[in-house]
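Quick one: sequence plus predicted model below, questions after.
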Protein chains: 2
Amino acid sequence: MANLKQIAAELSLSVTTVSRALKDGPEVQPSTIARVKEAAKRVGYLPNHHGRALKTGRTQTLTAVLPMETRDHLSDLLKLPLIEGMTLAARQAGYSLSIYSTTPDDDPVESVQRQLQARSTDGLIITRLVSGDPRVKLLLDKRMPFVAFGRTDLDIAYPYVDVDNEQIAYEATRRLMDKGCRRIALQLLVPEDQASAMRLSGYGRAMAEAGIPIDQSLIGHGMFTMESSAAWFDRLLACSDPPTGLACANELGLLGALHALGKRGLAPGSDVHIVTRDSTRLARFLPAKIGVHSVDMAGVGRKLVEILENRIINPLGPVETILLKGEFEPAE
Amino acid sequence: MANLKQIAAELSLSVTTVSRALKDGPEVQPSTIARVKEAAKRVGYLPNHHGRALKTGRTQTLTAVLPMETRDHLSDLLKLPLIEGMTLAARQAGYSLSIYSTTPDDDPVESVQRQLQARSTDGLIITRLVSGDPRVKLLLDKRMPFVAFGRTDLDIAYPYVDVDNEQIAYEATRRLMDKGCRRIALQLLVPEDQASAMRLSGYGRAMAEAGIPIDQSLIGHGMFTMESSAAWFDRLLACSDPPTGLACANELGLLGALHALGKRGLAPGSDVHIVTRDSTRLARFLPAKIGVHSVDMAGVGRKLVEILENRIINPLGPVETILLKGEFEPAE
DNA sequence: ATTTGCAATCGTAACGTTACGATTGCATCG
DNA sequence: CGATGCAATCGTAACGTTACGATTGCAAAT
């Protein structure tokens, strides 16, 4: 493998000059730069990542910490476009992206701490923020560049990209009301999950405006998988006063609910009106009338990387935040 | 950040001894080892990744090259469990996993070459093999440890994990015939894609056994997205002699086809029998009778990492290959 | 008393890069 | 003509780690 030393020897230059020439240092004569670059190309020189990292402290690696909801790998599908968006944007910016999957058994704070201490990454992307998320404080304290997908309820400025879950849930609930629904079921993940909390808040706002009291039994927690969603919705449908509307947490929640409906011979769009969030565009292709809030997760991924990159380059720069409105698409 | 030097200074030992003690070197007195480890723990020592990598040439990083089928991030859903399986297994083995997404515009060989030259990874996971895939020869030549998800038609031994697509497609076709189908449509990706080639071969075998001539118009290529699948199947259904059976390429192909069926008011399981491959377990939850070949992609991811790890540790060891049978699950 | 053998530890160099502070050669100025 | 300034380049040290070949101290053997 070619290195600076070899190129230097070949051209009777110093390693320093070669190093500088390759980054167009103003101290080097243009003709020398050209000679060096030609030689570098000829011998197929590529800078050694680790030599550089050791010297500069920069690794050109970003790390995304992604939680798996369940132990057996059945994760929210939005992660796929998110990952693709992040990896592509990272690559374009000259970074490589490392995925750190965590299981429900992992302590989220410890996962972050490990990344911090090893100093093997230039920046961190954290997701699934919880109320008062301790990772935010930790990362700010340690001055590790990071960006969050999602907000939390802390009174600190930090960079994030988030979807306006409150607004989306509000709108979703309103749509269902427009269809005549008054008993509206809502899927959430866990109460600590800040996105779920915001969704609950938006749902509550819409219900309050309509003067409908909230029935706690219609609010489902732990809707991580198709199985849990199906079982939950099946129970609801079996009640004496079953829901006529449903706001799903995500694609998996939707599929589970449809399964429960199908088993009872009920039709989505007539017996029960359904609205869901969707990032794979899957909901649109189901043979069922479903209202869809589509969120461009690949775009979120790109934005996350962009903000993180700025953070790394200029740690004292303005704290960028992005709040995306979901786009509502009525069923055809 | 704590380093060997600091620990050495604190204990009045040499850096060498500290380094050895931390890896339980037999040259170091047990009591010294204990002292060193205690100190390391106390100051929160973690080895610097880049110092080590520079010295040893090992990076403790694996890279998975994953192709995006389309420019706009709508990828085969099997990638999600695959990624999760890989990242978890990599983490357990002490590696971090880097995802290198490629777009249809990227040259696959060049993508691999870049990884090779930068020497920033200990091993490569390549996927979506094509006929006579040049990457296999390249990686063997350059002695870069790698493992493939999928086989190719080269007469060289190399490590891989693959799904028996020939068998799955054969079985799928047979199932459809058992339902009485004779006009059976088949979804493929691209002709070069080796998995598609195997599926075509299995389909052909079943058709030949049943004495049914193959109608090329029933074989759909480019079934990467729900859109393309829907459009294709819609055209087929409009024919004078439409298919009564369909073997889908994957979840997205299935959803697209269901969409086309739904638009025409046709029912899966009666008007058209459907069989699909599934790794997200999504197909099982659709309100439709669908035969499912379920493939445990998280398991595939784990196996890939396992084999790659062995390859890195012992490059001259036996070439491990794994061929997974798909598990057929009839619709309930 | 000197040598030998061994256990425990050490010092140095090296991996490839970059930052910093020299050093050189040459033209220009007073 | 000697001093000054500048452009171009250089040498060295350092990042944190590990490999290799010393070196030390001490007990046992000659």
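Cool, got the structure.

So what's the residue count around A:Glu251?
Residues near A:Glu251, counting by other CB atoms under 10 Å in any protein chain shown, number 24. The way it works is simple: take the backbone N, C-alpha and C, and place the C-beta from them, glycine included.

Around DNA strand C, which positions in chain A sit nearby?
Counting by CB under 7 Å from any atom of the strand, the residues of chain A close to DNA strand C are A:1, A:3-5, A:15-16, A:19, A:22-23, A:45, A:47-48, A:51-52, A:54-56.

got the contact list for the residue of the stretch 51-200 of chain A found nearest DNA strand C?
For the stretch 51-200 of chain A and DNA strand C, the shortest gap (CB to the nearest atom of the strand) falls at A:Gly51, measuring 3.0 Å. For A:Gly51, the contact set (CB atoms under 8 Å, 6 or more residues apart in numbering or on different chains) comprises B:Leu54.

Which helix or which strand is home to it?
helix A:49-56 (DSSP states H and E).

Is DNA strand D within reach of that helix?
Yes. Counting by CB under 7 Å from any atom of the strand, DNA strand D is contacted by helix A:49-56 at A:Leu54, A:Lys55.

Spell out the residue ranges of the strands in the stretch 1-150 of chain A.
Under the criterion DSSP state E, counting those that start in this stretch, the stretch 1-150 of chain A contains strands at A:61-67, A:96-102, A:123-127, A:146-149.

Direction included, what does the third one pair up with?
The sheet places strand A:123-127 alongside strand A:61-67 (parallel), strand A:146-149 (parallel), with pairing taken from DSSP bridges.

So which bits of it are buried?
A:Gly123, A:Leu124, A:Ile125, A:Ile126, A:Thr127 (16 or more other CB atoms under 10 Å in any protein chain shown).

Just the residues contacting it, thanks.
For strand A:123-127, the external contacting residues (CB under 8 Å, 6+ apart) are A:62-67, A:86, A:112, A:115, A:133, A:135, A:139, A:144-150, A:304-305, A:308-309, A:311-312.

One more: stretch A:314-331?
In contact with stretch A:314-331 (CB under 8 Å, 6+ apart) are residues A:143, A:145, A:157-164, A:167-168, A:171, A:175, A:269, A:277, A:284, A:288-296, A:299-300, A:303, A:307, A:310-311.

buried sites along that stretch?
Within stretch A:314-331, the residues scored as buried using 16+ other CB under 10 Å are A:Glu320, A:Ile322, A:Leu324, A:Gly326, A:Ala331.

tell me which of those is nearest to DNA strand C?
Distance to DNA strand C across these (CB to the nearest atom of the strand) is lowest for A:Glu320, with 25.6 Å.

Around DNA strand D, which positions in chain A sit nearby?
Counting by CB under 7 Å from any atom of the strand, the residues of chain A near DNA strand D are A:12-17, A:20, A:27-29, A:32, A:54-55.

For PyMOL, what selects the buried ones among those residues?
Those of those that count as buried under 16+ other CB under 10 Å are selected in PyMOL with:
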select buried, chain A and resi 13+17+20+28+32+54
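
now, the most widely separated pair of the residues of chain A next to DNA strand D?
The span of those, defined through CB to CB, is set by A:Gln29 and A:Leu54 at 29.0 Å.

Tell me who's in contact with the closest residue to A:His221 other than its chain neighbours.
Once flanking residues are discounted, A:His221 sits nearest to A:Leu188: 5.3 Å by CB to CB, 6 or more residues apart in numbering or on different chains. Contacts for A:Leu188 (CB under 8 Å, 6+ apart) come out as A:Ser196, A:Arg199, A:Leu200, A:Ile219, A:Gly220, A:His221, A:Met223, A:Ala249.

so where's the stretch 51-200 of chain A uncertain?
Within the stretch 51-200 of chain A, the stretches with pLDDT under 70 are A:117-119.

how about the helices in it?
Secondary structure of the stretch 51-200 of chain A (DSSP state H, counting those that start in this stretch): helices located at A:79-92, A:108-118, A:134-141, A:165-178, A:194-210.

next one: the stretch 201-332 of chain A
Ranges of helices within the stretch 201-332 of chain A are A:226-237, A:251-263, A:297-313, based on DSSP H, counting those that start in this stretch.

how about a markdown table for these, with mean pLDDT added?
Shown next, in a markdown table, are the helices of the stretch 201-332 of chain A (pLDDT from 0 to 100):
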| stretch | mean pLDDT |
| --- | --- |
| helix A:226-237 | 97 |
| helix A:251-263 | 95 |
| helix A:297-313 | 96 |
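
Would you mind finding the most buried of the ones you listed?
helix A:251-263 (a mean of 25; mean count of other CB atoms under 10 Å in any protein chain shown).

What lies in contact with that one?
In contact with helix A:251-263 (CB under 8 Å, 6+ apart) are residues A:74, A:76-78, A:187, A:223-234, A:237, A:246, A:248, A:267-268, A:271-272, A:274, A:276, A:278-280, A:282-283, A:286, A:288, A:290, B:282, B:285-287.

For the stretch 201-332 of chain A, which residue gets nearest to DNA strand C?
Closest to DNA strand C within the stretch 201-332 of chain A is A:Ile313: 13.7 Å, counting by CB to the nearest atom of the strand.

number of nearby residues for A:Asp296?
A:Asp296 has 19 neighbours, counted by other CB under 10 Å.

Find the residue closest to it in space, skipping its chain neighbours.
Spatial nearest neighbour of A:Asp296, excluding adjacent residues (CB to CB, 6+ apart): A:Ser279 at 7.2 Å.

who touches the one you found in this structure?
With the criterion set at CB under 8 Å, 6+ apart, A:Ser279 makes contact with A:Leu77, A:Leu78, A:Pro81, A:Leu82, A:Asn250, A:Glu251, A:Ser294, A:Val295, A:Asp296, A:Met297.

The same query, at a cut-off of 7 Å, please.
A:Leu78, A:Pro81, A:Val295, A:Met297 (CB atoms under 7 Å, 6 or more residues apart in numbering or on different chains).

ok, of the residues you listed, which one's closest to B:Ala40?
Of the contacts of A:Ser279, the one sitting nearest to B:Ala40 (CB to CB) turns out to be A:Leu78, at 40.2 Å.

what's the distance between that closest one and A:Ile290?
For A:Leu78, the distance to A:Ile290 (CB to CB, to the nearest Å) stands at 16 Å.
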